[in-house]
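J.: test case, fold it:
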Amino acid sequence: MTERVNISSGGDFEQIFGYSRAVRVGDHIHVSGTTAREPFRSGDAYEQAAAVLSIIETALREAGSSLAAVVRTVTYVTDIKDARLVARAHREAFGDVLPAATMVEVTALLDPKMKVEIEAYAIEK
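T.: You can find the predicted model right below:
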């Protein structure tokens, strides 16, 4: 059986909801939907997305991986007008990795200040 490794980022809701920031099983790493924490939660969509991607990068590193191994992201925004701001942060984080990506508008996230949530999937070689 392939070993399972759960990674926590220490976010408050991880314990309340009962989930891991990331889970690695074999070469596959799944990073949960991630939102910005304070003080970045009060920022604009670019600042929030950059903070989110930093949290994701840390989780991947703890899983023995990196942003370079990401093959797919799913991004949720509460206002599609923020798409360019979020896309700028995404492009800065991933550069030439160019993962498959989806962005959708949602009605709301857990906290009304949250503007963006990002999930990531990586495959380590």
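J.: not counting its neighbours along the chain, what's nearest Glu57?
T.: Among residues not flanking Glu57 along the chain, Leu67 sits closest, at 5.4 Å (Cβ to Cβ, 6 or more residues apart in numbering). Just so you know, the C-beta spots here come from the backbone N, C-alpha and C atoms, and that holds for glycine as well.
J.: surely that neighbour meets Phe94?
T.: Yes: contact criterion Cβ atoms under 8 Å: Leu67 and Phe94 qualify, at 6.0 Å.
J.: now the element after the lowest-mean-pLDDT helix or strand in the chain, going C-ward?
T.: Among the helices and strands of the chain, helix 12-17 carries the lowest confidence by mean pLDDT, DSSP states H and E, at a mean of 83. Using DSSP states H and E, the next helix or strand after helix 12-17 towards the C-terminus is strand 22-25.
J.: where does pLDDT dip in this structure?
T.: Applying pLDDT under 70 to the chain picks out residues 1.
J.: can you tell me how far the residue nearest to Glu57 is from Val106?
T.: Using Cβ to Cβ, to the nearest Å, we find Leu67 at a distance of 24 Å from Val106.
J.: buried residues of the helix ranked longest in the chain, list them for me.
T.: If you go by DSSP state H, the chain has its longest helix at helix 45-62. Residues of helix 45-62 classed as buried: 45-53, 55-57, 59-60, 62 (neighbour count, 16 or more other Cβ atoms under 10 Å).
J.: report the separation between the residue nearest to Glu57 and Ile16.
T.: 28 Å.
J.: for the residue nearest to Asn6 when sequence neighbours are not counted, the count of nearby residues, please.
T.: In this structure, Asn6 finds its nearest non-sequential neighbour in Ser20, 4.0 Å apart by Cβ to Cβ, 6+ apart. Residues near Ser20, counting by other Cβ atoms under 10 Å, number 17.
J.: thank you kindly, that will do.
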